[in-house]
Structure formats: structure tokens, C-alpha cells
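Undergrad: Any chance you can model this:
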Amino acid sequence: MANQPKAMRWMARALVPIVLLGALGHFYFWYWPRFRPAAPSPTSEIVGLVMGETGLDVRVWIPYPHQNLGALERRLDGLDSILVALGRLLGSAPLGLPSFGPFQVPPAREMAVATDFSGQEFVAAARVYPVAAWLFRAAGWLAGNPWMAGGELTLRGRLVRVKWQGNIWWAATDASEGHPREVDMAVGECSALLRLSRRLGPVPSGLFRFDASGNRLLLTSDLVAQSETQRPKHPLQAPGVALSWARITTAAEAARSIQSWIVLSATEFDRGGLPPVMVLQAGGSETLELPGERFLKALGAQVFRESRGAWEWRAYDQESLALGGGLIAPLEALSAMVETETEVSMGFVDLNEARESVLEVGRALQQVPVIGEAEARTWLAMARLLEGLTDYSTASIWLAEPQRIELEIRQASVD
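TA: All right, here's what the predicted structure looks like:
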């Protein structure tokens, strides 16, 4: 019996690290920022805000938003500024919702946000963890904060109504169309779903899946596939090419055409402040222009041209122009890969090379007062977007009509 208190003390000491490890494990699993995919339930009213065919222009569903967005914030250099730059690039205004006290988004199993392209009308919903829901409501009531407690408030001149239904939090403007619905649609595990009601920049309308891992970000129209798509290496991954974009039109009623923008590495040549860009094209009736070509020519900039057979290419300097002939074969190989689609666009970005090159294009256009400012803003927004991807080395995009997309951003080292 004398040894019983001693044994109890040893048991208590042994339990302390077990309890601490359990608490740390619980915190990591439920709260610590990490990429945590989940399969959306078609019977969830929150998923239904995004899955339905009708609704606001841009709709996003995110499982465990506090973890997935937190992990994305750690991988990207300034998530908020990247979203602003992306909005400027695509012609959409960022939404910018208030925070939940110390949390940007509430600790929740799932969250959905829908907004119009202007960012004025929106509906948001979250299935908040039960304890967190009680704490937010209590803290909101004590602080007189209707965003957390429920009630009415004004954001950007719009009346917003907030309510709680159990542990489900809802917020919406009067004009928002946020009616939950059940949808019978199979979707695999993902880090987010994105629904666009109409084309946003080069991205087509439709429902898309977003996957995130330690070395890869992927936006795809393939809603079910779990394995990585093995597409051929992009033909325009060439030395000295920082960014390439090619559009191939193969419609039966029109002649096949290939149009491509090539942004060259800013470190390759001294261009005297002119954009390090060339355009190449073959076929089609539309003439592709260099960035700022119309007004830079009016200010005395010289455009150099060369042609070979059906191909024509142009650049602001002879050194850049000399690289054009070597890109014809890769572009023709790219065209040969596309036989069944009416229109396909493919792009590849060497992120390390493109950051300075795209910034140089924006700065060159910015030198032209008034008329160059609008085009410069687009390139400068693209430069800011690329600056945020410092942990990644390459980006590739594949678009096809209708509603097909694969955008992949990778690190240099692939598992």
C-alpha cells in the first residue's frame, strides 16, 4: 500500500506528455494551417451555393477554410495583394470581407462565398465548429459586432444581413442570389471548388476543382480524377523564353491559325527600355500586336519584321527577332497536338525568368503618358501576381472550348 501513492505519481507524470501530445495532435488536425482536401457533399446547403447552375458570377467552396487558406497564405507572398492583382488582371473587383476577430475566416468544416464581378453583391456561409460558433456569437454580442453575432450592418454602402442557423453562419446583401440547393454531381476530393457564370479573362465559365499540395497548385475542369494529368511537355519551353502564350484555331469554317506572344528573358539582351516581347503568327485574318505597339510606334519606336512561308513575326529589336525562326518548329508541333478542338490556348511561364521580364514590359508601357497607362496596369498586375509565387518555379495553362481548363503551378523539385 505504501507504494500506491508513488505509482499514482508515476502514472500522472506519464499521462502529462500523452495529454500534451494529444492536445497538439488535436490542434494540428483541426486548426493548424495545412492543405486539407475534402469531397463536397451534394446534400450540403453550403456546397449547393456553388454547385447550382444559377447564382452570382463568382462562387467558391472551400473545406476547412482556416486551414487551406492559411496554408496557401504561407506558400504565397501576400495572398490579399495577389488576389487584388488577379482581380485587376481578370477585370474583377476583390470582395474583401471583415474578419472574425483574430481569424480571417472562421474555423469551419466548410465555407462558401459567392459574389458578382463588381464585388458589391455577395452571399457567404460557413459551417463553423460548434464551440467556435458559440464563442463568436458571444464575443460578437459583447462587442456589438453583428458580423459575428448576427444582425444588420453596412459594407461598402450595401446593407448586409447576418444570421445563425445552429452552427451555420450566413451573410448576404439584399440583391444577392444565394439560394441553397442539392445537386447530384460527383466531385472528387479537392481543396476548393470554383464556379464562374461567364468567362473571366481567359478562364471559361463552368465548375472547376482546385487542388493544392506542398509542391503543386492545380485548377482543372476535371472534377473527378485523382491522379495527375500527364500532358506532353510544352513545346515553347525554350532557352531565353520567360513566358509564352499560343492560341490555335482549328474550326472547320476557318483556316487553321496559330498566334503566339513570346516574352523573352529580360536578362538576355539590352533592349534600351523597350519591351522584351515578340509575336509570331501564321494564318487567320486577325493581326496580333506587340504590347503597346500602336502608340510606341507613334512615339518613334521601330518594329522589326521577318517572315517565312505562312509565318510572320515581329519584335522591337533585331536580337529578339533573330530568335523567332527557332520557335516556328515548336509552334507547329504544338498545333499538331491539337486536332479535335475548335480553339485551344496553351501557355508556359518560367516564373524565375518571367518576374523581371513582365515587370520590364509594364515599366516600358508606363513611360507613355495617358495612352500607355491602361495597358501598363495589366502587365504590372501580372508582375505582382508572379512576385507572389516565389516558392514556385513554373506555371502552365491549357484551355479548350468549351469550359475546359488545366492551370498548374509547380515547384522546381517534384516528389
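Undergrad: Now do the helices in the stretch 251-400 of the chain.
TA: Counting by DSSP state H, counting those that start in this stretch, one finds helices in the stretch 251-400 of the chain at the ranges 293-298, 318-324, 328-336, 351-366, 373-387.
Undergrad: count of residues packed around the closest residue to Ile328 other than its chain neighbours?
TA: Nearest-residue entry for Ile328: Trp311, 5.5 Å, with adjacent residues in sequence omitted and distances by Cβ to Cβ, 6 or more residues apart in numbering. C-betas here are computed from N, CA, C, even on glycine. Under the neighbour criterion other Cβ atoms under 10 Å, Trp311 is assigned a count of 18.
Undergrad: need the contact list for Trp311.
TA: Residues near Trp311 by Cβ atoms under 8 Å, 6 or more residues apart in numbering: 280-282, 328.
Undergrad: what's the most distant pair in the residues you listed?
TA: Maximum pairwise distance in the contacts of Trp311, criterion Cβ to Cβ, is 10.7 Å, between Gln281 and Ile328.
Undergrad: Give me the more crowded residue out of these two.
TA: For the pair Gln281 and Ile328, the greater number of neighbours falls to Gln281 (21 against 18), based on other Cβ under 10 Å.
Undergrad: wait, doesn't the more buried one sit right on Ile262?
TA: No - at 11.0 Å, Gln281 and Ile262 do not qualify as touching, with contact defined as Cβ atoms under 8 Å.
Undergrad: for the stretch 1-150 of the chain, what spans make up the helices?
TA: Secondary structure of the stretch 1-150 of the chain (DSSP H, counting those that start in this stretch): helices located at 3-30, 45-51, 65-75, 79-90, 130-143, 146-149.
Undergrad: I'd like to know which of these has the weakest mean confidence.
TA: The stretch with the lowest mean pLDDT among those is helix 3-30, which comes in at a mean of 54.
Undergrad: Shouldn't Ala172 be within a helix?
TA: No - under the criterion used here (DSSP: H, G, I helix; E, B strand; the rest coil), Ala172 is strand, not part of a helix.
Undergrad: What residues are bridge-paired with the closest residue to it other than its chain neighbours?
TA: The shortest distance from Ala172 to any residue that is not its chain neighbour, by Cβ to Cβ, 6+ apart, is 4.0 Å, and that residue is Val123. On the basis of DSSP bridges, Val123 takes part in beta bridges with Ala114, Ala172.
Undergrad: With the one 4 residues further on instead?
TA: For Arg127, the beta-bridge partners are Glu110, Ile168 (DSSP bridges).
Undergrad: Outline the domain layout of the protein.
TA: Annotated domains of the chain cover 45-212, 241-410 [automatic domain parsing].
Undergrad: chain center to the first one: distance?
TA: Read it as domain 45-212. For domain 45-212, the distance between its averaged C-alpha position and the chain's averaged C-alpha position is 15 Å (Cα atoms, centre = their mean, to the nearest Å).
Undergrad: Out of the helices of the stretch 251-400 of the chain, flag the one nearest Ala246.
TA: Closest to Ala246 of the helices of the stretch 251-400 of the chain is helix 328-336 (Cβ to Cβ; 5.8 Å).
Undergrad: Give me the average confidence score over the closest one.
TA: Averaged across helix 328-336, the pLDDT comes to 83.
Undergrad: Need the residues that contact that helix.
TA: Taking Cβ under 8 Å, 6+ apart as the criterion, the residues outside helix 328-336 that touch it are 234-236, 238, 246, 248, 256, 258, 260, 280, 282, 308, 311, 346.
Undergrad: Can you flag the weakest of the helices of the stretch 251-400 of the chain by average pLDDT?
TA: For those, the stretch scoring lowest in mean pLDDT is helix 293-298; its value is a mean of 78.
Undergrad: How about that one, which residues are buried there?
TA: With burial defined by 16 or more other Cβ atoms under 10 Å, the residues of helix 293-298 counted as buried are 293, 296.
Undergrad: what's the distance between that helix and the middle of its chain?
TA: How far helix 293-298 lies from its chain's middle: 32 Å, per Cα atoms, centre = their mean.
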